[in-house]
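Student: Pasting the sequence and the predicted model now:
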Amino acid sequence: VTAAGDAMITRPMSVHKENSFLQLAELFRSSDVGYANLEMLMHNFEHSPGSGGGTYTGSDPSNISELEWLGVNLVSTANNHSYDYGENGVITNINHLENSKITYAGTGKNLSEARSPAYLETANGRVALISTTSTFPDSARALDQRPDALGRPGLNPQRYTTHYHVDKTSFEQLRKINKQLGLEEKRTALRNFRPQGFISEDNENEFTFLGKKFVSGKTFAEHTDLNKRDMDEHIKWIKDAKRMANWVIMSFHCHESGEVPSDPPEFLVDFAHRCIDAGVDIFLGHGPHITRGVEIYKDKPIFYSLGNFIFQNDTVKWQPSQNYDIHNLDFSSTPADFYDARSNYGSRGFVSNSIYWESIVTKITFDSHKLSSVQLYPINLGHGKSRAVSGRPLLSDNTLGNTILGRIKYISEKYGTTIKIHDNIGEIEL
């Protein structure tokens, strides 16, 4: 399995001939599985915008064949851009993928379709992929069908809750503010109006303030809990896939972080471990657009984020009016005007920091169903180059490669993972 992170493709790949690019393509082509997270909707802008944010994604559907040329045959589609163009965008993206040779998972015409595994047939066994995300507008969640009502097209969600622990003095101050502003009274009135249990009860040790749950404790901390229904559903489908395929891959798109951006949130670590316990063979995380650490858990690899793979989000052809409005741009403004304004001409956002343009591709090998090697290949997406050039991955040179691999090595140590670096390749000790 050769796996990469977020693929935000808007331009052809097959016209390029650099050795460092063709060698990267060969990694995918020579593997049974070539995986990436497709964080780009394939459509011709025939739909009105939905619940998006940042970049409203859109790419010429012909670029699916460019991914095929590159050696990608398996993609996840559950991510924060799945609903950029509403349910019509979801269906159109699915239709284009259905007409390709790429297997996909993570979105569907209803929740059952979005949750269910996709299966890729390979010479060395049948591979199942389940794709989910914790980062999405609520309207993007696929909904179940009923005998008397259609489901809603959308993505496969993994919801979570956050609760903030504060010391007793701060807790009492927050309760006072809540009461003095009249928020407590409003919440009580709403609780009495809504169905019983719909709005949680407050007590002496925990209460909700401005939509956030606060808990009285001795220290300050942020904790997260997985939504039980979503987790149970994922376990169900993992166990189903385990009986239907030789290999099971779980894809998770997560923008949320721990104390620092390179740390996964508490719930993601919990989710990954539960997935491995249920039968997942490979856990592939992505979302924050940077790399995170690697853990070997019960002899199975967990990548908390593979970072970016193809990062061409500044050459999406069109953006909706609300994106222009944010930057006080009128109808005479062009897409380049918008992209320049949101980065303040290269001084803010993704283009201002090289960390978003330095990632890895991993090659994972099993022998007789036992993990035998995990290799890390550093890639360079062209930070500092013009938007007409940047965003396409190349295998990095040794100097940058040592930096990329050294970072992965350092942030993986907390999981007890040892990475040896030799000839610009990282090798995880198993």
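Tutor: Perfect, I can see it now.
Student: alpha carbons only for contacts and neighbour counts from here, please
Tutor: Fine.
Student: Tell me if I'm right that residue 156 and residue 134 touch.
Tutor: No - with contacts counted by Cα atoms under 8 Å, residue 156 stays clear of residue 134, the gap being 9.1 Å.
Student: neighbour count winner among the two?
Tutor: Using other Cα atoms under 10 Å as the criterion, residue 156 and residue 134 rank with residue 156 on top: 33 against 22.
Student: so how far is the helix or strand where residue 28 lies off the chain centroid?
Tutor: Following DSSP states H and E, one finds residue 28 within helix 19-29. Its chain's C-alpha centre and that of helix 19-29 lie 24 Å apart, by Cα atoms, centre = their mean, to the nearest Å.
Student: So which bits of that helix are buried?
Tutor: For helix 19-29, a neighbour-count test (16 or more other Cα atoms under 10 Å) marks 21, 24, 25, 27, 28, 29 as buried.
Student: can you list contacts of that helix?
Tutor: For helix 19-29, the surrounding residues in contact (Cα atoms under 8 Å, 6 or more residues apart in numbering) are 2, 3, 34, 70, 71, 72, 363, 393, 394, 395, 396.
Student: Now do the helix or strand where residue 170 lies: which elements does it pack against?
Tutor: Per DSSP H and E, residue 170 falls inside helix 168-180. In terms of contacts (3 or more Cα pairs under 8 Å, 6 or more residues apart in numbering; DSSP states H and E), helix 168-180 is packed against strand 206-209, strand 212-217.
Student: What average pLDDT does the shortest one get?
Tutor: Strand 206-209 carries an average pLDDT of 95.
Student: Summarise which helices and strands it is packed against.
Tutor: Helices and strands touching strand 206-209, by 3+ Cα pairs under 8 Å, 6+ apart, are helix 168-180, strand 212-217.
Student: mind listing what the nearest residue to residue 115 once chain neighbours are set aside touches?
Tutor: Of all residues not flanking residue 115 in the chain, residue 156 sits nearest, at 5.2 Å (Cα to Cα, 6 or more residues apart in numbering). Counting by Cα under 8 Å, 6+ apart, residue 156 touches 78, 106, 107, 111, 114, 115, 131, 132, 133, 141, 142.
Student: try it again with 6 Å
Tutor: For residue 156, the contact set (Cα atoms under 6 Å, 6 or more residues apart in numbering) comprises 106, 114, 115, 132.
Student: what does residue 237 give?
Tutor: With Cα under 6 Å, 6+ apart, residue 237 has no contacts at all.
Student: Sticking with it, tell me its helix or strand.
Tutor: Assigning secondary structure by DSSP H and E places residue 237 in helix 228-244.
Student: Partner strands of the next helix or strand after that helix, with direction?
Tutor: With elements assigned by DSSP H and E, the helix or strand that comes after helix 228-244 is strand 247-253. Each strand paired with strand 247-253, and its direction, by DSSP bridges: strand 125-133 (parallel), strand 282-286 (parallel).
Student: quick one: strand 247-253 to helix 228-244, angle?
Tutor: Strand 247-253 and helix 228-244 are oriented at 150 degrees to each other (axes from the mean of the first three to the mean of the last three Cα atoms, to 10 degrees).
Student: so what's the residue nearest the centre of the chain bridging to?
Tutor: Nearest to the mean C-alpha position of the chain, by Cα atoms, centre = their mean, lies residue 253 at 2.0 Å. On the basis of DSSP bridges, residue 253 is bridged to residue 133, residue 286.
Student: List the contacts of it.
Tutor: Neighbour list for residue 253: 79, 133, 285, 286, 287 [criterion: Cα under 6 Å, 6+ apart].
Student: rerun that using 7 Å as the cut-off
Tutor: 79, 132, 133, 134, 285, 286, 287 (Cα atoms under 7 Å, 6 or more residues apart in numbering).
Student: wait, the last one sits on residue 252?
Tutor: No - judged on Cα atoms under 7 Å, residue 287 makes no contact with residue 252 at a distance of 8.0 Å.
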